[in-house]
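Enquirer: Sequence and predicted model, in that order:
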Amino acid sequence: MFVCEDKYDVVVIGAGHAGCEAALASAKLGAKTLLLTQSLDTIAQMSCNPSIGGIAKGQIVREIDALGGAMGRVTDHAALHYHMLNTGKGPAVHSPRVQCDKKVYQFTFKHFLELQPNLDIMQDEAVKISVSDNGVDGVLTLRNTFYHTKTVILTTGTFLAGTIHIGTEMFRGGRYNDMPSDGLAKNLREDLHLNILRFKTGTPMRINARGLDFSKFRLQPSDNPLQAISHFTDEKEQSKRTFLSCYITRTTLETDKILRANFQRSAMYSGNIHGLGPRYCPSVEDKIKKFPDVTSHPLFLEPEGFHTEEYYIQGFSTSMPEDVQRALIKSVPGMENASITRPGYAIEYDFSDPRDLYPSLESKRIPRLFMAGQINGTTGYEEAGGQGIIAGINAALKVQGKEPFVLRRDEAYIGVLIDDLINKGVNEPYRMFTSRAEYRILLRNDNADLRLTPHAFKLGLLDDKYKAPFEKYQALCQKLIEHPAAPVDENETELFPWTVEKARRHADIYHKYAGYYERNKKDAERLAEMDSIKIPEGFDPSTVRGLLFESAQKLASVKPQTLGQAGRIPGVTPADLQLLAVHIERFRRLKNARAAH
Amino acid sequence: MQHTICALATGTGGAVALVRLSGPEACRIWQELSHRTHLPEPRKQILCTLYDGEEVLDKALVTYFQAPHSFTGEDVVEFAVHASPYVKGRLLERLCAHGAVMAKRGEFSQRAFLNGKMDLVEAQGLCDLIASGNKASHKLAMDSLDGKLSARVTDIKKRLSELLAQIEVRLDDVDEEMTPLSDEFISGEINTVLVHIKALADTFSVGKYIKDGLKTALVGAPNSGKSSLLNALVGFDRAIVSDQSGTTRDTVEETLELNGQKIILTDTAGIREHALDPAEKEGMRRSRRAMERADLILFVLDASRPLTPEEQELWQAIRRQQKRTLIVWNKTDLQSAHPALEEAEKYEQAEVSCKTGEGLAHLKKLITADVTEAQTADGLMISNLRHYEALLRAQTELESALIRLQTQAGGEIYAEHLRGALKHLQDLIGEVTPDDVLGIIFSKFCMGK
């Protein structure tokens, strides 16, 4: 065994969308960080669709970006098609979505990581996390190299004990063509005794565009003018670039017939898959089964890159056998002569019950072990990235002995995401929807910077050169909110990358929602009040007489840190909270009295 | 910032009721209610008029305790008002309308404790109090009356959740495929729900007992002492509001106030004149008619003698009414004969002597005790102010949604109001089901990536 002489503050295991953000964030905060990945060539790989953003997800990307994360900037760099979703509806639900060149995306991200001081990247597979009395202290790899570290961030995606299904064919893999992480999976289950469960997800087939009849599709051109997904992109320059188009078509009665005739041959229905899949984004066979009355489903053709004829068929996710997949393709108008380049497949993988996490994403079971992304039961690049940056920040803060950084539900979708995960747990892969956010009016794509960028400066995640323009922008927004007709220098250049136009847009939206803004804020204050009441270390809810039995059990298993968090555990009643409030105060007084003796 | 909370501090009965208001907004709310602009002098009782809009609600004795020198350690205003249910209920309603919320069980004491006004020993009693409230509200669903309320509210909630799901799914519609909901559909659904909520809420503030009085039928054989009981009740209380003959010549109606509750007593006076048969039939007919109109039946029996077959027959007729019934054993000053009455143990009973006045106070209590808890014709009535408040708030949210619908404000705005309404309904039945709407979305709609 080779014991690496470098001692790390943070080791990130896995270089997907969560791992990459985590590694960048912790390195930026000054923590000596190591990013371990099975393969340097698949860093930040878009394993499923070639797009970043989407409804509620686009908001998360904007939040990551406002916090100084890389996902938004890399996306703009790799963009091949822009589309602002929901523009027919109110601005609170406008969501950016950007199609990307997959190769450009991953290599750009890799380059970002390579340029980051304090960050080492190593191609090797982690197989064991070493734990002593104080929690995590090292990581052992497949090559039998040992790294000393103060914290570990697990971002394992679908790799833990991954199994791939295509029809009745089954084989091992963390992703098609990649090895599953079996050693680490065994370590987490048997040595660390994490509460491991199984989920399932899937991806559609890719096809070669050479045989497509585009005249039979509906064209979906890139937005013009476009809105960049990163706050730091020069939109004028970005608009000068060349973009590709996407296409929309539909499944037919023939598609329906083929699916119905082959249900038993789908991995989903053959009994081979035990993991739970998501209710949204179901495989196409799922859609037919659950919504038999809907005879036609939309399909979106999305280019995989600038230098390839491969297209991703959004809406055609399936685990049917290969022959059925071929027949399915031919049943769609315009695709009669298309050929499949990679079949769709389903994948099962291990995840860990997120209720075992603190809001910092540190494990309650193993101190100094953090987790982010699919290992916490989520799905989606954006959800992964959002957790990644928080885990990265908090691992670094932990090493530095500082208080964790936690976003509230009224501050960010990322706050909603993590709060939901740790309090409610998951019974299907969790994706974000705007309907999950009770403060939807506050959590918009146009104000992600105003909400979160001050945190980024405070933590040291953003270059100080942005500070002056941002403060100018904040002041301008405030001015336009208070005096919409106030004179403004339209050619103000010191705002860059922010603009007068953005400030004006923000002020308009603020006015549209004015009353609701205040209302949401007031609700949020009440929440913050509850969240400010900490449940002290050593306080045992099971000693509280009069709690409903069920509530006591739930409190014991989730171990909330604040009264607010306790209130968000399903089933805990307002009276339970009252009791807790009194007992916490009682506990505090008794402790003080003892200390005085 | 803490809520300002309010609650009735005294139980039922008595001529004066104490309503307590505590929290940072207490003074402002008092000012709004009294149409005054200055602050009251602390710890000094003042007489002041309380307004319900422009109308006078009551003249009250008001005392202000300035934080931290109060029971809770917060600003506290105490209102001593007349103990009529209307005044008490309406005052609490107005306090809530101005921004206070109904206190949870034990919440005043809880605040007192958290603000250092109570020691650890006292806190234990406080915990027991909250805990018993916790169990009681948990038991709601099992209770027949509250079970019905809970079922009704659950129905309303379900309908509202489905509408919200329809709106939410379009906000989260990734494929941008769904046809928009028509304004007519949304307003139709909201109006339907509103009708149900209003109907329920109306049972509280204009609840028929409070507004019209409790119709009470005095039923019994001629020599059972019915009339003397009537006189005793009326005379004892000396609170006859009006004294008029009934609309028919054979019944007498007396309106009186018992324990602050309006009662309309109907005596089937005609029975006496017709004495035994053949008029007994006529007496039965009148008794039945009085019973049919009544909310409460007082069955008066002479405890000093065995029951007659006629009384047994009358008892069967009373039981067929399936109404709230009190059995009144009269003449307990005489030797008791312990007469047997079938299934009497299933009914509330009182022993009185009109001659000595013994037991009358207890009977009065029994008559009025259940008034606000009693059921309306369809078996459901809001008796709890907290429930009423929640319904009112839900109603306001839905009305706001309708107004915003007219201005085409958009789905995310309608959703804000529907979410608000659902939250209030949830408070009402004390359940927490956060994923209702997403559940409906996933089960009813095919959601893309």
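Expert: Here it is on my side, so go on. Since this is a predicted model, take the numbers as computed values, not measurements.

Enquirer: Around chain B, which positions in the stretch 451-597 of chain A sit nearby?
Expert: A:516, A:519, A:525-526, A:529, A:544-548, A:570-576, A:578-579, A:581-583, A:585-586, A:589-590 (CB under 8 Å from any CB of the partner chain). C-beta coordinates here come from the backbone N, C-alpha and C atoms, glycine included.

Enquirer: List only those of those flagged as buried.
Expert: Taking 16 or more other CB atoms under 10 Å in any protein chain shown as the criterion, what is buried in these is A:516, A:519, A:544, A:546-548, A:572-576, A:578-579, A:581-583, A:585-586.

Enquirer: picking that back up, sort out which of the residues of the stretch 451-597 of chain A next to chain B are in helices and list them.
Expert: A:516, A:519, A:525-526, A:529, A:574-576, A:578-579, A:581-583, A:585-586, A:589-590 (DSSP state H).

Enquirer: tally of neighbours for residue 302?
Expert: Assuming you mean chain A. For A:Glu302, the neighbour count with other CB atoms under 10 Å in any protein chain shown is 22.

Enquirer: I was after chain B.
Expert: As a burial measure, B:Asp302 scores 22 neighbours (other CB under 10 Å).

Enquirer: and if you look at B:Tyr51?
Expert: Neighbour tally, B:Tyr51, other CB under 10 Å: 15.

Enquirer: Unless I misread the structure, it falls within a strand.
Expert: Yes: counting by DSSP: H, G, I helix; E, B strand; the rest coil, one finds B:Tyr51 located in a strand.

Enquirer: what's the spacing between it and B:Ala60?
Expert: Applying CB to CB, to the nearest Å, the value for B:Tyr51 to B:Ala60 is 11 Å.

Enquirer: Please apply the same query to A:Glu362.
Expert: Noted for A:Glu362: a distance of 56 Å to B:Ala60, by CB to CB.

Enquirer: for B:Ala67, helix, strand, or coil?
Expert: With three-state DSSP as the basis, B:Ala67 sits in coil.

Enquirer: Return the residues in contact with it.
Expert: Listed by CB atoms under 8 Å, 6 or more residues apart in numbering or on different chains, the contact partners of B:Ala67 are B:73-76.

Enquirer: burial of residue 286, as a residue count?
Expert: No chain in the question, so chain A it is. Applying other CB under 10 Å, I find that A:Asp286 has 22 neighbouring residues.

Enquirer: my bad, chain B
Expert: 19.

Enquirer: Then A:His597?
Expert: Counted with other CB under 10 Å, A:His597 comes out at 4.

Enquirer: And it, how close does it get to chain B?
Expert: Distance of A:His597 to chain B, computed by CB to the nearest CB, to the nearest Å: 15 Å.

Enquirer: Just the pLDDT for that residue.
Expert: At A:His597, the predicted lDDT confidence score is 70.

Enquirer: So for stretch A:180-200, what gets flagged as buried?
Expert: Of the residues in stretch A:180-200, A:180-185, A:187-189, A:192, A:194, A:196, A:199-200 count as buried by neighbour count, 16+ other CB under 10 Å.

Enquirer: Take the residues you listed and keep only those in strands.
Expert: Mapping the buried residues of stretch A:180-200 onto strands (DSSP state E) picks out A:196, A:199-200.

Enquirer: Just name the closest of those to chain B, please.
Expert: Distance to chain B across those (CB to the nearest CB) is lowest for A:Lys200, with 15.1 Å.
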